[in-house]
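> here are the coordinates; sequence isn't available:
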């Protein structure tokens, strides 16, 4: 027994002596593997910033330029979504009311109907039957740059239809006055990134008209082209030819005038439908047209034309308590909209969030909202002096962050009650959203990271190639040994070979996640 005790003691001593060196070897191993990737021949002109830390201790297991500023692209949405969840709460619901101005006699409203926009990001247009918001990994908001975009199996006019049904149930069968949209919740602003740029508190179908192109059964025949929602708000001229199965898909959308566009190109036989979008430049006018069309569809007669401008004026902003509310639409909880924003990297929603934060505090401008975000980040312990934002989506020239500040944000959010809603909204590595194909299905790291992607690129006209201005990935992950990490990775200024998609670097970041998953000490 004494011999066994001596052996055990020496074994403990040996473990104590060897453990640090073992950890050092593991750290050296992961550093070498990561170093080999980020210093590869494709990144001679590029700049990398990386930080991986232990989620429990905060100790760094790998870092490379963690305190330098980088273009974050859509990882900016980590910040705007965190601030919105804290300012408004995951369970916050938007209520969009409709008021009548005038009396109702024998089903006839002798006056106006006024929908007051509340900032609802979807107005029911993405809500499934189970009450959750739907999304596609290739969302329609990016359709004009992709042949993979899909539409959700939801009704883009669901919110307006519910309001129309309530109006009819309130006894209104005819409206002799006007139908108005009050979009004065916050000051007009412009968003950043692709997709609709106009920021408005009224959003119907992401403020776009979807165009769906379906090939005919045989080559040489015209393709079928339809719009969603089916509305008279726009005029379309479509000429798309069905070609042989071996041909390439080429479908372009061209703006030819206010509310007018043309569709040109070709689509092969047996090709799945191609989606394009036409962003509207007047969301309130778009919503007004759709609302009138929906009211008529619910057998509520409306005398004014949905095609012209509203003739009546809006009441004073503080005058609604004097009017009769006849309908209200309530959204799913904010956490659902945050999920869609993060999963598909929705620029319009993210750009709108700072404005909603401003409204919550009695302010009205984008600058107000961004300053309020800064206070929220500071209270979280994020070093706000090391970050810069010009918008909420990640496409502004002023957007810059450090890997360390981004990890600080993630560490702070993990300790808050909003963490579950925040993490559940993040794309999952190799599973869904913008990370659905970042690693192969057989990857051991698949499903082990929850992170926000970011991509911004420009066209280098002189060399006829893309310049990847920024590619990023930041979030949390669990390693093969069960260790939880917070991380942020940025690569800026990568000249890409002609014809190369920026998504290539997304798979490189996925590879880095695999290395850390397998080899983290």
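Alright, I've got the coordinates. Just so you know, these numbers come straight off a predicted model, no measurement behind them.
> Let me see the ranges of the strands in the stretch 101-250 of the chain.
Using DSSP state E, counting those that start in this stretch, the strands of the stretch 101-250 of the chain run over residues 108-116, 174-175, 179-182, 189-190, 198-199, 208-214, 224-228, 235-243, 250-257.
> Residue 167: which of these is closest?
Closest to residue 167 of those is strand 108-116 (CB to CB; 7.1 Å). From N, CA and C alone the C-beta is placed, and that goes for glycine too.
> now what about that closest one, what contacts it?
Applying CB atoms under 8 Å, 6 or more residues apart in numbering, the external contacts of strand 108-116 come out as 96-104, 163, 167, 172-182, 202, 287, 291, 295, 312, 314-315, 320, 323, 326.
> what comes up buried for that strand?
For strand 108-116, the neighbour count (16 or more other CB atoms under 10 Å) marks 108-109, 111-116 as buried.
> So how do I select the buried members of the contacts of strand 108-116 in ChimeraX?
Selection of the buried residues among the contacts of strand 108-116 in ChimeraX, burial being defined by 16+ other CB under 10 Å:
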select :96,97,98,99,100,101,102,104,163,167,172,175,177,178,179,180,181,182,202,287,291,295,314,315,320,323,326
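> Keep only those of the contacts of strand 108-116 that are in helices.
163, 167, 287, 291, 295 (DSSP state H).
> Can you tell me which of these is closest to residue 271?
residue 287 (33.1 Å).
> Could you pull up the residues touching the nearest residue to residue 192 once chain neighbours are set aside?
Leaving out its chain neighbours, the residue that sits closest to residue 192 by CB to CB, 6 or more residues apart in numbering is residue 395, at 3.2 Å. Each residue near residue 395 by CB under 8 Å, 6+ apart is listed here: 73, 191-194, 347, 456.
> which of those residues count as buried?
Buried members of the contacts of residue 395, counted by 16+ other CB under 10 Å: 73, 191-194, 347, 456.
> Could I get the contacting residues of the residue nearest to residue 470 when sequence neighbours are not counted?
Closest residue to residue 470 apart from its sequence neighbours, by CB to CB, 6+ apart: residue 71 at 3.5 Å. Contact analysis of residue 71 by CB under 8 Å, 6+ apart lists 399-400, 456, 469-470, 472, 490, 492.
> which element follows the helix or strand bottoming out on mean pLDDT in the chain toward the C-terminus?
Least confident element among the helices and strands of the chain, by mean pLDDT, DSSP states H and E: helix 2-38 (a mean of 64). Sequence-wise, the next helix or strand downstream of helix 2-38 (DSSP states H and E) is strand 47-54.
> Can you list the strands that that following strand pairs with?
Sheet pairing for strand 47-54, assigned by DSSP bridges, gives strand 60-64 (antiparallel), strand 484-495 (antiparallel).
> who's in contact with the shortest one?
Meaning strand 60-64. 27, 30-31, 34, 38, 48-54, 66, 403, 485, 516, 520-521.
> got any ranges where the stretch 101-250 of the chain has weak pLDDT?
Within the stretch 101-250 of the chain, no stretch has pLDDT under 70.
> now do the stretch 251-400 of the chain
Ranges of the stretch 251-400 of the chain meeting pLDDT under 70: none found.
> now the strands: where do they sit in it?
Using DSSP E, counting those that start in this stretch, strands in the stretch 251-400 of the chain cover 260-268, 274-279, 301-302, 324-330.
> out of the ones you listed, deepest packed?
For those, the largest average neighbour count (mean count of other CB atoms under 10 Å) is found in strand 274-279, namely a mean of 22.
> how far out from the middle of the chain is that one?
Using CA atoms, centre = their mean, to the nearest Å, the mean C-alpha position of strand 274-279 is found 17 Å from that of the whole chain.
> So which elements touch it?
In terms of contacts (3 or more CB pairs under 8 Å, 6 or more residues apart in numbering; DSSP states H and E), strand 274-279 is packed against strand 208-214, strand 250-257, strand 260-268.
> hmm, try it at 10 Å
strand 208-214, strand 224-228, strand 250-257, strand 260-268 (3 or more CB pairs under 10 Å, 6 or more residues apart in numbering; DSSP states H and E).
> Could you point out the longest strand of this structure?
strand 465-478 (DSSP state E).
> what angle sits between that one and strand 47-54?
In terms of direction (axes from the mean of the first three to the mean of the last three CA atoms, to 10 degrees), strand 465-478 departs from strand 47-54 by 10 degrees.
> Tell me which residues of strand 465-478 come out buried.
Going by 16+ other CB under 10 Å, strand 465-478 has these buried residues: 466-468, 470-478.
> other SSEs contacting it?
Against strand 465-478 (3+ CB pairs under 10 Å, 6+ apart) you get strand 47-54, helix 76-88, helix 403-413, helix 419-425, strand 449-460, strand 484-495, helix 503-519.
> and the gap between residue 120 and residue 59?
Distance, residue 120 to residue 59, using CB to CB, to the nearest Å: 43 Å.
> swap in residue 154?
Distance from residue 154 to residue 59, by CB to CB: 45 Å.
> Kindly report the same for residue 495.
From residue 495 to residue 59 the distance is 36 Å (CB to CB).
> So for those two, which sits in the more crowded spot?
residue 495 (16 against 7; other CB atoms under 10 Å).
> Contact partners for the residue nearest to the more buried one when sequence neighbours are not counted?
Excluding the flanking residues, the one nearest residue 495 by CB to CB, 6+ apart is residue 467, at 5.7 Å. Neighbour list for residue 467: 45, 456-460, 493-496, 502 [criterion: CB atoms under 10 Å, 6 or more residues apart in numbering].
> so who does the closest residue to residue 349 other than its chain neighbours touch?
Nearest residue to residue 349, sequence neighbours excluded (CB to CB, 6+ apart): residue 341, at 4.3 Å. By CB under 10 Å, 6+ apart, the contact list for residue 341 reads 74, 77, 80-81, 84, 121, 133, 135, 334, 347-353, 392-393, 425, 452.
> so residue 408 touches residue 415, yeah?
No - at 11.5 Å, residue 408 and residue 415 do not qualify as touching, with contact defined as CB atoms under 10 Å.
> residues in contact with the closest residue to residue 185 other than its chain neighbours?
Computed as CB to CB, 6+ apart, the closest residue to residue 185 that is not its neighbour in sequence is residue 201, at 3.8 Å. Neighbour list for residue 201: 94, 96, 116-121, 181-186, 283-284, 352, 355-356, 359 [criterion: CB under 10 Å, 6+ apart].
> Just the buried ones from these?
Neighbour counting by 16+ other CB under 10 Å classes 94, 96, 116-121, 181-183, 185-186, 283-284, 352, 355-356, 359 among the contacts of residue 201 as buried.
> ok so, going back, now the residue nearest to residue 185: how far from residue 184?
8 Å.
> who touches both of the two?
116-117, 284.
> give the contact list for the residue nearest the centre of the chain.
Centroid-nearest residue in the chain: residue 346, 2.0 Å away (criterion: CA atoms, centre = their mean). Applying CB under 10 Å, 6+ apart, we find residue 346 in contact with 74, 77, 121-122, 135, 139, 141-142, 193, 195, 206, 337-338, 340, 352, 393.
> quick check, nearest of these to residue 330?
residue 122 (12.1 Å).
> Serialize the buried residues of strand 465-478 to a markdown table and add fields for distance to residue 148 and pLDDT.
Formatted as a markdown table, these follow (distance: CB to CB, whole Å; pLDDT from 0 to 100):
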| residue | distance to residue 148 | pLDDT |
| --- | --- | --- |
| 466 | 18 | 93 |
| 467 | 23 | 95 |
| 468 | 20 | 95 |
| 470 | 22 | 96 |
| 471 | 19 | 97 |
| 472 | 22 | 98 |
| 473 | 20 | 98 |
| 474 | 24 | 98 |
| 475 | 23 | 98 |
| 476 | 27 | 98 |
| 477 | 26 | 98 |
| 478 | 29 | 97 |
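> which of these sit farthest apart?
Across the buried residues of strand 465-478 (CB to CB), the longest gap, 34.4 Å, separates 467 and 478.
> Next one: residue 148 relative to residue 243, how far apart?
19 Å.
> more neighbours, the two?
residue 243 (22 against 14).
> check contacts around the more buried one.
Contacts for residue 243 (CB under 10 Å, 6+ apart) come out as 215-216, 219-221, 223, 249-250, 265-269, 271.
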